[in-house]
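Colleague: Give me a model of this one.
(one chain, ligands or ions: 1)
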Amino acid sequence: MKITRRDWLGLGLGAGAAALGGRWSALSAADVVSSGPLNMAVIPSSGEKVPAVGLGTVDFQGDPDKDDLTPLRQTLEVFHRLGGRLLDTSPNYGNSENVLGRLLADLSIRNDMFMATKVDRENRAEGEERMEGSFRRLGGAIELMQVHNLRGADVQLPALVEWKKEGRFKYIGITTHRESQHQEIEGYMRRYPLDFVQVNYSLADRAAAERILPLAQDQGIAVLVNRPFGKGGLFGVVRGQPLPDWAADIDASSWGQVFLKYVMGHPAATLPIPGTSKPHHAEDNAGALYGRLPDMALRQEMERWLDNLK
Ligand SMILES: NC(=O)c1ccc[n+]([C@@H]2O[C@H](COP(=O)([O-])OP(=O)(O)OC[C@H]3O[C@@H](n4cnc5c(N)ncnc54)[C@H](OP(=O)(O)O)[C@@H]3O)[C@@H](O)[C@H]2O)c1
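Modeller: As a prediction, this is how the structure comes out:
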């Protein structure tokens with residue numbers, strides 16, 4: 001059974017299950033993906049394509065042996081079923097890596113995923129130990145290893161370059177969520193052979209577009225975007241506002257999809273990693289994997305619209 005994109009966009013998961021005779025759980029990702037083109041991000045250093053909305057897992061918390069992790073399992077399941085593949089985590093996010101490793105194994109989808117995690121130690125041996133721990137906890141391949149918030153970057157990046165050469169990861173990168181680190185990030189983008197940079201960027205927080213995103217384009221570095229909802233704050237800014245008419249021009253049926261498509265429409269390889277631990281939000285965000293993206297003119301209109309609201 002195939003679902004058309006119109007069906008997918010028009011039906012919430014619950015409504016979809018009812019309309020399709022409760023068959024959602026029987027559908028494979030391939031059924032949904034084959035229903036229409038998926039928005040993909042191209043990684044410039046390799047040409048590999050990745051579904052262009054990821055999932056941030058800072059709130060994937062709990063004890064897999066004691067706690068009921070059903071909502072987290074459902075969040076991952078929905079994200080995967082609707083075509084999402086890239087997961088962003090860190091050993092600094094409580095036990096997110098453990099939880100992910102366990103749930104992905106339970107769902108038998110570990111090998112489908114593009115896993116991004118991080119390291120942040122000042123000392124090389126401690127960094128290597130930390131990365132070995134991530135491999136153990138995540139129980140499978142790590143595609144992207146990033147230096148978290150630039151901590152220990154000059155020590156860790158040479159190690160990451162070596163581990164990449166040895167085939168332990170496909171890609172290496174650096175992260176920040178603070179504008180105050182953007183200048184330093186630029187320096188690392190010029191000095192090291194990075195595949196990815198991860199920065200804060202959203203409709204309300206556009207500083208990265210001044211220098212980081214253009215530099216990423218010039219250097220052929222893919223961009224993961226954290227805080228695409230301003231840590232959730234953007235929803236408060238638009239509370240009570242109906243979607244403007246232009247949302248239909250980009251096939252966006254929610255504010256979450258508007259915010260994600262604004263990021264995805266930037267000509268740098270921008271792949272947002274919205275954080276959620278709720279299945280209905282993962283479903284909403286996966287909607288941005290489908291349909292049209294804004295061009296530069298519409299992105300500017302979106303910015304003017306938000307600026308007038310403030
Ligand atoms: N320096 C770094 O490396 C760094 C720093 C910050 C973040 N990150 C990464 O980036 C990811 C995203 O950043 P973030 O989680 O801080 O901020 P964010 O993605 O901008 O916002 C997350 C917030 O938005 C809410 N939300 C998600 N989807 C929604 C939807 N469709 N409708 C309404 N609310 C929605 C979430 O609540 P619910 O949970 O209730 O859905 C959560 O409160 C993190 O998870 C992490 O992986 C990395």
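Colleague: Quick one: end-to-end length of stretch 239-258, please.
Modeller: 14 Å (CA to CA, to the nearest Å).
Colleague: what do you get for stretch 197-209?
Modeller: End-to-end distance of stretch 197-209 (CA to CA): 13 Å.
Colleague: just stretch 190-197 next, same as before
Modeller: Terminal residues of stretch 190-197 are spaced 11 Å apart (CA to CA).
Colleague: in the host helix or strand of residue 146, what counts as buried?
Modeller: Here residue 146, judged by DSSP states H and E, is contained in strand 144-147. Across strand 144-147, burial judged by 16 or more other CB atoms under 10 Å covers 144, 145, 146, 147. C-betas here are computed from N, CA, C, even on glycine.
Colleague: Quick one: name whatever helix or strand follows that strand.
Modeller: Using DSSP H and E, the helix or strand that follows strand 144-147 in sequence is helix 153-165.
Colleague: Report the angle between the helix or strand just after that next one and helix 153-165.
Modeller: Next helix or strand after helix 153-165 toward the C-terminus (DSSP H and E): strand 171-175. Calculated by axes from the mean of the first three to the mean of the last three CA atoms, to 10 degrees, strand 171-175 forms an angle of 160 degrees with helix 153-165.
Colleague: Now the stretch 1-150 of the chain against the ligand: closest residue?
Modeller: Residue of the stretch 1-150 of the chain nearest the ligand, by CB to the nearest ligand atom: residue 56 (2.2 Å).
Colleague: Can you list phi and psi of that residue for me?
Modeller: Dihedral angles of residue 56 (phi, psi; degrees, to the nearest 10) stand at phi -90, psi 140.
Colleague: For it, grab the count of nearby residues.
Modeller: The local packing count at residue 56 equals 27, with neighbours defined by other CB atoms under 10 Å.
Colleague: Show me which helix or strand of the chain is least confident by mean pLDDT.
Modeller: Taking mean pLDDT, DSSP states H and E as the measure, the chain has helix 13-19 as its least confident helix or strand, at a mean of 33.
Colleague: picking up where we left off before, so which elements touch the strand holding residue 146?
Modeller: When contacts are defined as 3 or more CB pairs under 8 Å, 6 or more residues apart in numbering; DSSP states H and E, strand 144-147 sits against strand 114-119, helix 153-165, strand 171-175, strand 196-200.
Colleague: 6 Å - rerun?
Modeller: Applying 3 or more CB pairs under 6 Å, 6 or more residues apart in numbering; DSSP states H and E, one finds that strand 144-147 makes contact with helix 153-165, strand 171-175.
Colleague: List just the one of the ones you listed that sits closest to residue 283.
Modeller: Residue 283 lies closest, by CB to CB, to one member of the helices and strands packed on strand 144-147: strand 171-175, at 26.3 Å.
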